[in-house]
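In: when you get a sec, could you give me coordinates for this:
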Amino acid sequence: MRTERVIFESDGVPLVGELHLPDGDGAAPGLALSGPFTGVKEQVVGTYARRMAEAGYAALAFDHRGFGESGGRRQHEDPEGKLADLRAAVGHLAAHPAVAADRIGLLGICLGGGYAVRAAAFDPRVRAVAGVAGGYNSPAAFARSMGTEAYRGVPARFVDSGDARMPAVAADGPAAMGGREPWEYYGTERSASPHWVNEVTAASLYSLMTLDVLSAADLLERTPLLVVHGTNDDYCSPEGAQALFDRAAGPKTLEWVETTNHIELYDSPSHVGQAVRMLVPFFDRELAPAAAVTG
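Out: Below is the predicted model of the structure:
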């Protein structure tokens, strides 16, 4: 495996990434990766990109706009911008001489799983999509579970927050990702990166609470889907993964990994290994050369 530092643009915003390329000659199938809320390329997406490159894929881990080394409004969750970033990442892969332009998929982890699904639903260049421990947000589902008035009260707190900032994680006290579990990953050496910042705009929470991923499942009729999810997950619910799978219109597979928490699928060698062993045969099948598919 070899790694190239790459810079490409999304709507004029420079994005910085690391393209992990497998050894060998010839054009490899490509994967663009999207990861957790506030995450950067050296963290979860980097872990999965390296594992997929070892399996023969050209895997692009990059910083979405606003985070890491990329440009854009700092530390702000921009759903439409991130979807544009994924389209630009697919274009960058398709233009790379080491990548087979007609064999590109998307792989998302945590919040990136939702973005990968939504991007795949609207980009015919994407031949397959997979989510691992994915967050498949649905305002309608939020309202049903919380009650409409309670749900509406959450985005109301952040709709006019301007450029107010808050911690992304905290050992104690309020944070965008509350609780000990996010802190145990982002607040410790487990996620060490010189480009990750423990800060996010308060308006990012409005973005998350109004993001609709689930409805995109209706448009996956021609795009095979793999959902890999932990059996116990307090941050991206197993029920949400099941709902996405049930609603997806096209070829689909749901795989469960025995977990005790969400972040085991970020960096636990055994859990990541299980996920990769599910991802590789899926993408091997769905991103096979056209001649192999037809016989």
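
In: next one: phi and psi at residue 192?
Out: Main-chain torsions, residue 192, degrees, to the nearest 10: phi -50, psi 120.

In: distance-wise, check it relative to residue 212.
Out: Noted for residue 192: a distance of 34 Å to residue 212, by C-beta to C-beta, to the nearest Å. All C-beta atoms are positioned from the backbone trio N, CA, C, and that covers glycine.

In: between those two, who's got more neighbours?
Out: residue 212 (16 against 10; other C-beta atoms under 10 Å).

In: how far away is the more buried one from residue 59?
Out: Relative to residue 59, and taking C-beta to C-beta, residue 212 is found at 28 Å.

In: OK, contacts around residue 32?
Out: Contact analysis of residue 32 by C-beta atoms under 8 Å, 6 or more residues apart in numbering lists 60, 62, 86, 89-90, 93, 104-107.

In: do that again at 10 Å, thanks
Out: 17, 19, 45, 49, 58-62, 85-94, 104-108, 116, 119, 126 (C-beta atoms under 10 Å, 6 or more residues apart in numbering).

In: so which of those belong to strands?
Out: Counting by DSSP state E, these place 17, 19, 58-62, 104-108, 126 in strands.

In: export those residues to JSON lines and tack on distance to residue 133 and pLDDT?
Out: Output for the ones in strands among the contacts of residue 32, formatted as JSON lines (distance: C-beta to C-beta, whole Å; pLDDT from 0 to 100):
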{"residue": "17", "distance to residue 133": "21", "pLDDT": "98"}
{"residue": "19", "distance to residue 133": "23", "pLDDT": "98"}
{"residue": "58", "distance to residue 133": "23", "pLDDT": "98"}
{"residue": "59", "distance to residue 133": "18", "pLDDT": "98"}
{"residue": "60", "distance to residue 133": "20", "pLDDT": "99"}
{"residue": "61", "distance to residue 133": "16", "pLDDT": "98"}
{"residue": "62", "distance to residue 133": "19", "pLDDT": "98"}
{"residue": "104", "distance to residue 133": "22", "pLDDT": "98"}
{"residue": "105", "distance to residue 133": "18", "pLDDT": "98"}
{"residue": "106", "distance to residue 133": "15", "pLDDT": "99"}
{"residue": "107", "distance to residue 133": "12", "pLDDT": "99"}
{"residue": "108", "distance to residue 133": "9", "pLDDT": "98"}
{"residue": "126", "distance to residue 133": "20", "pLDDT": "98"}
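
In: against residue 72, how distant is residue 63?
Out: For residue 63 relative to residue 72 (C-beta to C-beta), the value is 9 Å.
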